[in-house]
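>>> Sequence and predicted structure below; questions after.
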Amino acid sequence: MSIKLDYAYAGPELKHISEDLSRNETYRCPFCEEEVIYRKGEEREHHFSHKPGSNCSADSETILHFNAKNYLADECFGPNGYYITLNFPLEQYIPELYEQLALLGLSQDFDVNLHEILVSLRALKGAKVEKRIGPYIADVYCPTEVGNGLAIEVCVTHEMGEEKRSFYSSKGISFLELIPKKGQNKRYEFEVKSSSIDLFFKSYREKVEKYQQEHLYSKYYLGLLAAAREPLMEKEELIYKQKAVQKVINDISNIGIDDYIKDEVFKKSTTIRAQAFNSNIFHSEPLNNVQYVKSRNGSKYLMGNDKTYFISNEQNLLYDILNKIVCAEVEVEALVGGWRNSEKSSIVGFDFKLPNLSVTSELYKYIIKQFLTDLSMKFDNKIKELS
């Protein structure tokens, strides 16, 4: 079986098959150092290959590990860094947000792209492959201004040892242990095996809390801030805060929480993308209407937004929509039936059980009201202690 390589050395420089390559340059295998030839035909996958009679013994696991760590180092700050999506269970990292979403019956996982993590940690450009850190070698290492860097370990056949985890933690180094899988168009996908990126989640949690504070308590935030500057006694300050909280509880029904739910941040957490296979996306815009259009030869087509665009590959799109919705654990009921003179029953429609905006709004109000009621009781108990 011939070995297909994504990378080869040109002198000391590692080259990817997607780069501009020269017939005048000699390329060598990263594993056996034999000369390899790049192949960029129109039909086959682009790759480097050995000459006939090669004795290279690199196996698929070794090649996958090598390709994945170099891909990560190349794309940490490249355009594909936005496409390296990692999934984290909210229950483990942000339990308070997990509980709220669980009550609403919404997604309880958190997707984040690698670029967001690097920006949050203020990563400095210059990711290194096989960087020595103390007694250990990190598959990929990114220096950062927040914390002492980010180490990325690629797990193919061997998991990261407990000693290495402890060492990273003791030195304040964030880490990701990722399982790679080759995707389409020379991209790689990654599953989180383990991680320690508390600094990123601390930053994310602060953004969520700030957002809630600004949108749900903005009426009273400035008043509380002003009160904090006044030279009030502790008891008087608690009474003031309790009155402000009680006012929020009384007015909770008038808070425009629907606007909060419709906000882009919430939309992003509930978006399910359906896309025709192998298609390219140029931009997105709201879908206002869908129409059937008949051509001159009698064929029917689906068009969107006042006949501005054809809706292509309808069957492929329907498959992707149904598959994504089912995988997202949205409850779907198939409507089985047929038409007059139908001999066999078939699926003729679907019921999608999606969260109702008004119900979601009421649940959010209930959660906020309970939280504020508990807070008011704590103020009341403290006031009684000080009396």
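Now that the structure is in, tell me what you want to look at. Numbering: from 1, shown residues only.
>>> Any regions of this structure where pLDDT drops low?
1, 77-83, 90-110, 204-236, 240, 251-270, 295, 355-364, 386-387 (pLDDT under 70).
>>> Next, the buried residues of stretch 317-325.
Neighbour-count burial for stretch 317-325, counted by 16 or more other C-beta atoms under 10 Å, picks out 317, 320-322, 325. C-beta: built from backbone N, CA, C; applies to glycine.
>>> Revised request: answer the last question for stretch 126-140.
Going by 16+ other C-beta under 10 Å, stretch 126-140 has these buried residues: 127, 129, 131, 133, 136, 138-140.
>>> which among the buried residues of stretch 317-325 gets closest to Asn70?
Among the buried residues of stretch 317-325, Asp320 lies closest to Asn70 (C-beta to C-beta), at 31.2 Å.
>>> Need phi/psi at the closest one.
Taking degrees, to the nearest 10, you get phi -70, psi -40 for the backbone angles of Asp320.
>>> Spatially, what comes nearest to it if we skip its sequence neighbours?
Computed as C-beta to C-beta, 6 or more residues apart in numbering, the closest residue to Asp320 that is not its neighbour in sequence is Ala274, at 4.4 Å.
>>> Tell me who's in contact with that neighbour.
Contacts for Ala274 (C-beta atoms under 8 Å, 6 or more residues apart in numbering) come out as 317, 320-321, 324.
>>> Just say helix, strand or coil for it.
coil (DSSP: H, G, I helix; E, B strand; the rest coil).
>>> At which residues are the strands of the stretch 101-250 of the chain located?
Using DSSP state E, counting those that start in this stretch, the strands of the stretch 101-250 of the chain run over 109-113, 128-133, 136-142, 150-154, 174-182, 188-196.
>>> Within its sheet, name the partner strands of the last one and how each one runs.
Which is strand 188-196. Strand pairing for strand 188-196, using DSSP bridges, gives strand 174-182 (antiparallel).
>>> What residues sit buried inside the strand it pairs with?
Residues 174-178, 180 are the ones in strand 174-182 that count as buried (16+ other C-beta under 10 Å).
>>> Quick one: distance of the longest helix seen in the chain to the chain centre.
When the chain is parsed with DSSP state H, its longest helix is helix 357-386. Mean-position distance between helix 357-386 and its chain equals 31 Å (C-alpha atoms, centre = their mean, to the nearest Å).
>>> do stretch 140-147 as well
Chain-centre distance of stretch 140-147: 20 Å, with C-alpha atoms, centre = their mean.
>>> and what of stretch 338-355?
With C-alpha atoms, centre = their mean as the basis, stretch 338-355 stands 34 Å off its chain's centre.
>>> Show me the helices in this protein, by range?
Secondary structure of the chain by DSSP H: the helices cover 60-75, 90-93, 95-104, 114-120, 162-170, 198-216, 218-229, 234-251, 257-262, 264-270, 314-327, 357-386.
>>> Format the strands of the stretch 101-250 of the chain as JSON lines; extra columns: distance to Tyr366.
Below are these laid out as JSON lines (distance: least, C-beta to C-beta, whole Å):
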{"stretch": "strand 109-113", "distance to Tyr366": "23"}
{"stretch": "strand 128-133", "distance to Tyr366": "49"}
{"stretch": "strand 136-142", "distance to Tyr366": "43"}
{"stretch": "strand 150-154", "distance to Tyr366": "39"}
{"stretch": "strand 174-182", "distance to Tyr366": "37"}
{"stretch": "strand 188-196", "distance to Tyr366": "33"}
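>>> I'd like to know which of those strands lies nearest to Val348.
For the strands of the stretch 101-250 of the chain, the distance to Val348 is smallest for strand 109-113, at 32.5 Å, taking C-beta to C-beta.
>>> I figured Leu150 was touching Ala138, is that so?
No: counting by C-beta atoms under 8 Å, Leu150 sits too far from Ala138 to count as a contact (9.1 Å).
>>> list the residues that contact both of the two?
Shared contacts of Leu150 and Ala138, defined by C-beta under 8 Å, 6+ apart, comprise Phe175.
>>> Any figure for the gap between Ala138 and Glu116?
21 Å (C-beta to C-beta, to the nearest Å).
>>> Sorry, wrong one. I was asking about Ser345.
Going from Ser345 to Glu116 by C-beta to C-beta gives 47 Å.
>>> Among the buried residues of stretch 317-325, which one sits closest to Gln370?
Ile325 (31.2 Å).
>>> Stretch 29-37: how far from the chain's middle?
Using C-alpha atoms, centre = their mean, the mean C-alpha position of stretch 29-37 is found 36 Å from that of the whole chain.
>>> Show me what counts as buried in it.
Under the neighbour-count criterion of 16+ other C-beta under 10 Å, stretch 29-37 has 29-30, 36 buried.
>>> That concludes my questions; thank you for your assistance.
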